[in-house]
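Novice: Fold the following.
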Amino acid sequence: MNVAPACVQATLGVLAANGQLGLEGSALWLGSTSDLRVQTVVVPAGPGVSFEPKRVQLSVQWMDALGAVCDELGQVVLAGVHSHPWTAFHSEVDNDGFLHAPDFVSIVVPRYGVTDLAEADSEWAVYVGLPNGRWRASSWSIAVELDPSARFETRVVTVGGLTDART
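Specialist: Next up, the predicted model:
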């Protein structure tokens, strides 16, 4: 998967904003299956989205809205990024309840998103989806390739659809 460093920084900013409130945060990275380049950062918001100190919940209705956004943009969910309060690891809830598809990348960052790209290999947990709902541990530098020239936009998504787009 290819991602712009600025995209990673924007995602960390979203997570850290929730973290300042003592809450986990989440963002999803969308792009094309042809080149696995992240083109859109989706920020969940509104009804059906719940951020708590040790949990993120996205309702079925919100997931349906995400599906509609993917269809509209002609993109798929390539990765999910979320934060944990202290250390980064893939919990049992993450294993069972998070988005899953073969080759889907799940990234967990520590300290409610108060981290930086220099810590990605040493402190972030990165897992790649396998068939039949299984995961394999990976590392940032194996699963992700940074591409400073890649362009992306950030979109806030609610059950009503796209509410905001920022490049």
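
Novice: who's in contact with residue 10?
Specialist: Residue 10 makes contact with 41, 152, 154 under the criterion C-beta atoms under 8 Å, 6 or more residues apart in numbering. Where C-beta positions appear, they are placed from N, C-alpha and C, glycine not excepted.

Novice: these two touch, right, residue 127 and residue 140?
Specialist: No: counting by C-beta atoms under 8 Å, residue 127 stays clear of residue 140, with 11.2 Å between them.

Novice: between those two, who's got more neighbours?
Specialist: Set side by side, residue 127 and residue 140 give different neighbour counts by other C-beta atoms under 10 Å, the larger being at residue 127 (23 against 19).

Novice: Tell me how far the more buried one lies from residue 112.
Specialist: Distance of residue 127 to residue 112, computed by C-beta to C-beta, to the nearest Å: 19 Å.

Novice: And residue 125, by the same measure?
Specialist: Separation of residue 125 from residue 112 (C-beta to C-beta): 14 Å.

Novice: now swap in residue 5 and tell me
Specialist: To residue 112, residue 5 is 21 Å away according to C-beta to C-beta.

Novice: Which one's more surrounded, these two?
Specialist: Neighbours around residue 5 and residue 112, counted as other C-beta under 10 Å, are more numerous at residue 112. The numbers are 22 against 12.

Novice: Let me see the contact set for the more buried one.
Specialist: Residue 112 sits next to 15-16, 18-20, 22-25, 83-85 when contact means C-beta under 8 Å, 6+ apart.

Novice: Spatially, which pair of those residues is furthest apart? Let me know, please.
Specialist: Maximum pairwise distance among those (C-beta to C-beta): 15.2 Å, between 20 and 84.

Novice: Which one of these two is surrounded by more residues?
Specialist: Higher neighbour count among residue 20 and residue 84: residue 84, with 20 against 11, using other C-beta under 10 Å.
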